[in-house]
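K.L.:
sequence? don't have it. structure:
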């Protein structure tokens, strides 16, 4: 399982309100301030099996909030939902992702910043 598949498993129902959830940190509104930089960094790591900068690092990360893979997963799902014409189907698709690479491509997340 690579990092993008693992991040998909991190998507929680409380993210539907636009809050980033981390079991180690209180829920906070995600900021767009560094999102482009995070996306570039995540893209380099997303096909690896090294999750250490993205998941399960809530107490270890000193320079930034932990578990940012959950935030990226949320943003990808948000982009998918926002571009979908059939919103109930989009929710079904998000909850039943089969091919994470295809889901990312269809979501068009990050395309504006490329």
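P.N.:
Yep, it's here. Everything numeric in this text was worked out from a predicted model, so none of it was measured. Residues are numbered from 1 along each chain as shown.
K.L.:
what's the burial count for residue 74?
P.N.:
By the measure other Cβ atoms under 10 Å, the count of residues near residue 74 is 21. C-beta coordinates here come from the backbone N, C-alpha and C atoms, glycine included.
K.L.:
which is the next helix or strand following the helix or strand of the chain with the lowest mean pLDDT?
P.N.:
The helix or strand of the chain with the poorest confidence is strand 25-28; it has a mean of 44 (mean pLDDT, DSSP states H and E). Scanning forward in sequence from strand 25-28 by DSSP states H and E, the next helix or strand is helix 35-45.
K.L.:
Just give the closest residue to residue 66, not the sequence neighbours.
P.N.:
residue 58 (3.4 Å; Cβ to Cβ, 6 or more residues apart in numbering).
K.L.:
hang on, the one you found is in a strand, isn't it?
P.N.:
No. Going by DSSP: H, G, I helix; E, B strand; the rest coil, the assignment for residue 58 is coil, not a strand.
K.L.:
Run a quick neighbour tally on it.
P.N.:
Neighbour tally, residue 58, other Cβ under 10 Å: 13.
K.L.:
What is the burial count for residue 46?
P.N.:
For residue 46, the neighbour count with other Cβ under 10 Å is 20.
K.L.:
Tell me the pLDDT of it.
P.N.:
With respect to pLDDT, residue 46 scores 86.
K.L.:
How about the backbone phi and psi for it?
P.N.:
Per-residue torsions, residue 46: phi -70, psi -20 (degrees, to the nearest 10).
K.L.:
quick one: it and residue 85, what's the gap?
P.N.:
27 Å (Cβ to Cβ, to the nearest Å).
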